[in-house]
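Novice: need a 3D model of the following:
(one chain, ligands or ions: 2)
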Amino acid sequence: MSEFILETNGLTKEFKGFVAVSNVDLKVQRGHIHALIGPNGAGKTTVFNLLTKFLPPTSGSILFEGQDITREAPVVTARRGMVRSFQISATFPNLTVLENVRIGLQRTLGTEFHFWRSKKSLDVLNGRAMELLESVDLAGFADTVTVEMPYGRKRALEIATTLALDPKMMLLDEPTQGMGSEDIARVVELIRKVSANRTILMVEHNLSVVANLCDRITVLTRGSILAEGPYAEVSKNPKVLEAYVGSDDINDAHH
Ligand SMILES: Nc1ncnc2c1ncn2[C@@H]1O[C@H](COP(=O)(O)OP(=O)(O)OP(=O)(O)O)[C@@H](O)[C@H]1O
Ligand SMILES: [Mg+2]
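Specialist: Numbering: from 1, shown residues only. Ligands and ions are numbered 1, 2, ... in the order given. Got it, this is the predicted structure:
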């Protein structure tokens, strides 16, 4: 098996002549936490939309575990084990936290309707859902209506519902967005924990999060890869520093 769980070759997306993603060769090593960084509008979210089939590429290909998945339906790719948090796992605001995770679990088991009719099988599901909530430190919120959850905890719930699918690879788009430092620290630890036995690809603007969590970083600017490597190397790359001129982000990231 290839050391790369995910590879793109010449991945390109044009919107009416505007090239949002240009000839991207992304390689993500199995087991890594890999960051995709870059200034606003660099094309990071578009790359995620291509990988998860929300958008078809203009050209190029996507290989997951060595298989060409470029033209495959989103649900088929998700079933292979590449899942974007809050793609499949968008949460229902008026259900409880526990109910949301239970729905995630039911999805993994398909449409075996009869199974769900027995009380016993519901107990089994509730047990597993509670385990998942415990693993993301949300057991205390099990009976909370999701809409009432503190903002900083919503990502943990999305991660729990994604974990219900037991994905091989998780895609996280700005998991710490809008959070204060306490919630950020909690999410960082959570990502580290759920990364055991799986691969994570994450878009992240907070470079101290990238510096302390990620094994490898790809820097995207104007749709193209500018640099790729470990943080210590990429953060010293003059081209990267230049791309970040005006935001001293990259120099503040050492703690
Ligand atoms: N559906 C679309 N139609 C037209 N242009 C689009 C579309 N989606 C994205 N773009 C453009 O493509 C470029 C890349 O956008 P994208 O959202 O991928 O950037 P990003 O790196 O995720 O930025 P941010 O850091 O702000 O989230 C932007 O110029 C954006 O305006
Ligand atoms: Mg984005």
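
Novice: could you point out the longest helix of the chain?
Specialist: Counting by DSSP state H, the longest helix found in the chain is helix 119-135.

Novice: pull out the buried positions in that helix.
Specialist: Neighbour-count burial for helix 119-135 flags 125, 126, 129, 130, 132, 133, 135 (criterion: 16 or more other C-beta atoms under 10 Å). Where C-beta positions appear, they are placed from N, C-alpha and C, glycine not excepted.

Novice: ok, the first one touching residue 106?
Specialist: Pointing back at residue 125 there. Yes - counting by C-beta atoms under 8 Å, residue 106 is a contact partner of residue 125 at 7.0 Å.

Novice: now do the shared contacts for those two.
Specialist: Taking C-beta atoms under 8 Å, 6 or more residues apart in numbering as the contact rule, residue 125 and residue 106 touch no residue in common.

Novice: single out the residue in the stretch 1-150 of the chain that lies closest to ligand 2.
Specialist: Of all residues in the stretch 1-150 of the chain, residue 45 sits closest to ligand 2, at 3.2 Å by C-beta to the ion.

Novice: name the nearest residue to that residue, sequence neighbours excluded.
Specialist: residue 173 (6.0 Å; C-beta to C-beta, 6 or more residues apart in numbering).

Novice: what about the one you found, neighbour count?
Specialist: The number of residues packed near residue 173 is 19, by other C-beta atoms under 10 Å.

Novice: can you check the one 3 residues further on too?
Specialist: Neighbourhood size, residue 176 [other C-beta under 10 Å]: 24.

Novice: pretty sure it is in a helix, no?
Specialist: No - assigned with DSSP: H, G, I helix; E, B strand; the rest coil, residue 176 falls outside any helix and is coil.
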